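In: just coords:
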DNA sequence: AACTTATTTTAGTTGAGACTAAAAATAGAA
DNA sequence: TTCTATTTTTAGTCTCAACTAAAATAAGTT
């Protein structure tokens, strides 16, 4: 098995690889891990010794097959626990991350198998992120930020970037929630603000808000 | 907050104090922790510095008020998680201990409050051990091993000492489970074997079996 | 009381995983 | 291309929690 720290680094590199192409810079890892570059180098070299990452001095790091597998397993656990916390224990979206950061390191295959079943095999976590299946397959969502959508496109709110209490309350007040169907009725070219339709209601949304909403794009007839 | 190792030592000392009176020997702690006496001494001294235990060289260790509070909180978490694993995820009694050993160290007051509620405020874990409440009060059960009971006494099966699969299956086969009402019909003086009544059925029970069943004694009219 | 045995503590190491400070490599600008 | 700024790595420390080996204390026996 791998240590907590190892798992956290692997998960971190995994997330960075999702966003950027190519090898990941040591600094980027250090920054995301809230640690110093020297500490990151240290750990990266240990991970390289264990063949969990491919690492070339000064050139950057990328996960090996094995490294990806470990990272995905951790992500799966993290997201399943988040579903548990929200669905079963009635936590709010924004309260669960920190706790799931701890729960994701519990070691037991069987536990996760049963938890997954107990939760009825969810596909997405409360933030709309896909939950990898047992074999590490991730349902790739075509996820865009709302502000990148064009007029008349529609989709489903699957996640939020910001998770501050104020922002979630802003959404709650408008009854905008994960799963809501959203249609872009119009975009103001000048400031990027939008008019959107949610159920029967229409809202004016600033660009800043739109940049913090992840939408799974729906195509014709969906 | 306290480290995993600190919490484990405190819990260990707590359990030893339940069984023996007086200060706990370093060796006893080391043995239960599967570690060497020198390592135990080391940790005990750290715990003493933090005033979680009272420690006198060569004389032994006992928990302070604060130490008890920490230990009880860990025990509470452990037992609540065991209930969760058995009741919600359908684990068997004997499969949950190891996982609960990990879960008991998750740090979040709120999580435990909500878990407790989700489980409907259970009083006992699947092994029949009492779950401390939020304030650390433990419902003291008058718990005896079956083999210490006398003729015509009756009680409720609240726990098992042995947790091997074979033993639990032995019980399952006879429909003897936590919560079963058991009455001692007779004791064979020679070998300590017993005849007991469970519901409508009577069983012959060897002394060895009787020594592994914890009974909460019922008094007249209960 | 003296001696033996068992228990406990001290002293010194080890490995993870963090740190700081300094050296080395790379990248960007003149 | 050369110099400077940035990034990355190395070297050396620190803390936690374990270890071994050796010293100190306590307990039991004659």
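Out: In hand now; what should we look at? Note that the structure is predicted; figures quoted are calculated from it, not measured.
In: The longest helix belonging to chain A: what's the following helix or strand?
Out: Longest helix of chain A, by residue count under DSSP state H: helix A:65-83. With elements assigned by DSSP states H and E, the helix or strand that comes after helix A:65-83 is helix A:97-103.
In: Could you list the residues in contact with that next one?
Out: Identification of contacts with helix A:97-103 by CB atoms under 8 Å, 6 or more residues apart in numbering or on different chains yields A:77-79, A:81-82, A:85, A:91, A:163, B:103, B:106-108, B:111. Using the backbone N, CA and C atoms, a C-beta is placed for each residue, glycine as well.
In: Taking those together, which two end up most distant?
Out: Greatest spacing in the contacts of helix A:97-103, by CB to CB: A:163 and B:103 (24.5 Å).
In: The two - which one has more neighbours?
Out: Neighbours around residue A:163 and residue B:103, counted as other CB atoms under 10 Å in any protein chain shown, are more numerous at residue B:103. The numbers are 22 against 16.
In: measure the more buried one to residue A:199 for me?
Out: Relative to residue A:199, residue B:103 is positioned 40 Å away (CB to CB, to the nearest Å).
In: One more: residue A:165?
Out: 24 Å.
In: Same question for residue A:98.
Out: Applying CB to CB to residue A:98 and residue A:199 gives a distance of 32 Å.
In: care to break chain A down by domain?
Out: When chain A is parsed with automatic domain parsing, its domains come out as A:4-63, A:143-218.
In: And chain B, is the first one touching that?
Out: So that's domain A:4-63. No - Domain A:4-63 does not reach chain B (CB under 8 Å from any CB of the partner chain); its nearest approach is 9.8 Å.
In: Show me what the mean pLDDT comes to for that domain.
Out: Confidence for domain A:4-63, expressed as mean pLDDT, is 97.
In: try the longest one
Out: The average pLDDT within domain A:143-218 is 89.
In: Endpoint to endpoint, that domain covers what distance?
Out: 10 Å (CA to CA, to the nearest Å).
In: Next: the first one.
Out: Across its full length, domain A:4-63 reaches 17 Å between end residues, using CA to CA.
In: Also stretch A:206-219?
Out: Taking CA to CA, the span from the opening residue of stretch A:206-219 to its closing residue is 24 Å.
In: That stretch: which residues count as buried?
Out: Of the residues in stretch A:206-219, those buried by neighbour count under the rule 16 or more other CB atoms under 10 Å in any protein chain shown are A:209-210, A:212-217.
In: Secondary structure and distance to residue B:118 added to the residues you listed, as CSV?
Out: Putting the buried residues of stretch A:206-219 into CSV (DSSP: H, G, I helix; E, B strand; the rest coil; distance: CB to CB, whole Å) gives the following:
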residue, secondary structure, distance to residue B:118
A:209, helix, 34
A:210, helix, 36
A:212, coil, 31
A:213, strand, 30
A:214, strand, 29
A:215, strand, 32
A:216, strand, 30
A:217, strand, 36
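In: And the pLDDT at the most centrally placed residue in chain A?
Out: Against the mean C-alpha coordinate of chain A, by CA atoms, centre = their mean, the closest residue is residue A:129 at 4.8 Å. pLDDT, residue A:129: 85.
In: Repeat that for residue A:105.
Out: 98.
In: ok, the closest residue to it other than its chain neighbours - how many residues close by?
Out: Nearest residue to residue A:105 in three dimensions, chain neighbours excluded: residue A:4, at 5.1 Å (CB to CB, 6 or more residues apart in numbering or on different chains). Residue A:4: 13 surrounding residues under other CB under 10 Å.
In: where's residue A:4 relative to DNA strand D, distance?
Out: Residue A:4 is 13 Å from DNA strand D, where distance means CB to the nearest atom of the strand, to the nearest Å.
In: Check whether that residue really touches residue A:106, as I assumed.
Out: No - at 10.5 Å, residue A:4 does not count as touching residue A:106 under the criterion of CB atoms under 8 Å.
In: does whichever residue of chain A sits closest to DNA strand D belong to a helix or a strand, and which?
Out: Per CB to the nearest atom of the strand, the residue of chain A with the smallest distance to DNA strand D is residue A:27, at 2.6 Å. Assigned by DSSP H and E, residue A:27 belongs to helix A:26-32.
In: which helices and strands does that helix pack with?
Out: With contacts taken as 3 or more CB pairs under 8 Å, 6 or more residues apart in numbering or on different chains; DSSP states H and E, helix A:26-32 sits against helix A:4-19, helix A:37-49, strand A:60-63.
In: Buried deepest among these, which one?
Out: Mean neighbour count (mean count of other CB atoms under 10 Å in any protein chain shown) peaks for strand A:60-63 among those, with a mean of 21.
In: how much space is there between the residue lying farthest from the centre of chain A and residue A:197?
Out: No residue in chain A sits farther from the centre than residue A:190, which is 30.5 Å out by CA atoms, centre = their mean. From residue A:190 across to residue A:197, the span is 21 Å (CB to CB).
In: And for residue A:74?
Out: According to CB to CB, residue A:74 and residue A:197 sit 38 Å apart.
In: For those two, work out which one has more neighbours and name it.
Out: Neighbours were tallied for residue A:74 and for residue A:197 using other CB under 10 Å; the higher tally belongs to residue A:74 (21 against 15).
In: For residue A:132, which non-adjacent residue is closest in space?
Out: If the residues on either side of it in the chain are set aside, residue A:132 comes closest to residue A:76, at 4.3 Å by CB to CB, 6+ apart.
In: was I right about the one you found contacting residue A:135?
Out: No - when contacts are counted by CB under 8 Å, residue A:76 is not listed as touching residue A:135 (10.0 Å).
In: Can you tell me which residues in chain A are near DNA strand D?
Out: Selection of chain A residues close to DNA strand D by CB under 7 Å from any atom of the strand yields A:25-28, A:37-38, A:40-42, A:44-45, A:55, A:57-60.
In: Now flag whichever of those residues is closest to residue A:154.
Out: residue A:28 (34.6 Å).
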